[in-house]
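1. Okay, predicted coordinates and the sequence, questions at the end:
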Amino acid sequence: MKTTNILFVCLGNICRSPAAEAIARRRLEEKGLDGIIVDSAGTGDWHVGELPDPRARRHGAARGYAVDSRARQFDPDADFAAFDLIIAMDEQNFRDLAGMARTPADRAKIRRATSFCRVFSHLAGVPDPYLGGPSGFELVMDILEDAVEGLLEHLDAGNRERDH
């Protein structure tokens, strides 16, 4: 399998994208997949260097995920060059990333998280739980688990096609 670099992006990089990163890391480890590298970032700079929101860490830990990456801001120059797939959590993140893309190749790397969902495919995006309560964080974890499973199936199918 060729190495694939995936970046999950939300607004502040303290709830959704670090949770997606943690879910993907664990799923990759469980499946024994070595050729996929995951990271996360935010389009905004408010939380750079901070740990994820305590609620995201708590809800992740309850499901066995270490939601513990430090927040960083998306860097168009470095991140479009370094990542093969850039997964936007919602429509605003998608538009912000598309606005930062310098080339059609950059734009082609940007995908919506829910485009990989099977159960939650009807959703336009992963809702931001920041201003809500526990049920919002649980819903986000459910959506992200679905999206990550679909993403890994998508990557596996693409690798099988290349091998033939």
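-> In hand now; what should we look at?
2. Pull the contacting residues for residue 89.
-> By C-beta atoms under 8 Å, 6 or more residues apart in numbering, the contact set of residue 89 is 8-11, 16-17, 20, 113, 125-126, 128. The C-beta positions use only the backbone N, C-alpha and C, and glycine is treated the same way.
3. mind listing which of those are in helices?
-> In this view, these that belong to helices under DSSP state H are 16-17, 20.
4. What is the neighbour count of residue 44?
-> Residue 44: 17 surrounding residues under other C-beta atoms under 10 Å.
5. my bad, should have said residue 82
-> 13.
6. same deal with residue 126?
-> By other C-beta under 10 Å, the residues close to residue 126 number 30.
7. do residue 62 as well
-> Look at residue 62: counted by other C-beta under 10 Å, it has 11 neighbours.
8. Please report how far residue 157 lies from residue 116.
-> 11 Å (C-beta to C-beta, to the nearest Å).
9. between the two, which one's more packed in?
-> residue 116 (21 against 10).
10. From the contact counts, what lies against whichever strand or helix holds residue 94?
-> Per DSSP states H and E: residue 94 is located in helix 91-100. Secondary-structure packing of helix 91-100 (3 or more C-beta pairs under 8 Å, 6 or more residues apart in numbering; DSSP states H and E): strand 4-10, strand 85-88, strand 110-112.
11. quick one: average pLDDT of stretch 54-72?
-> If you average the pLDDT over stretch 54-72, you get 98.
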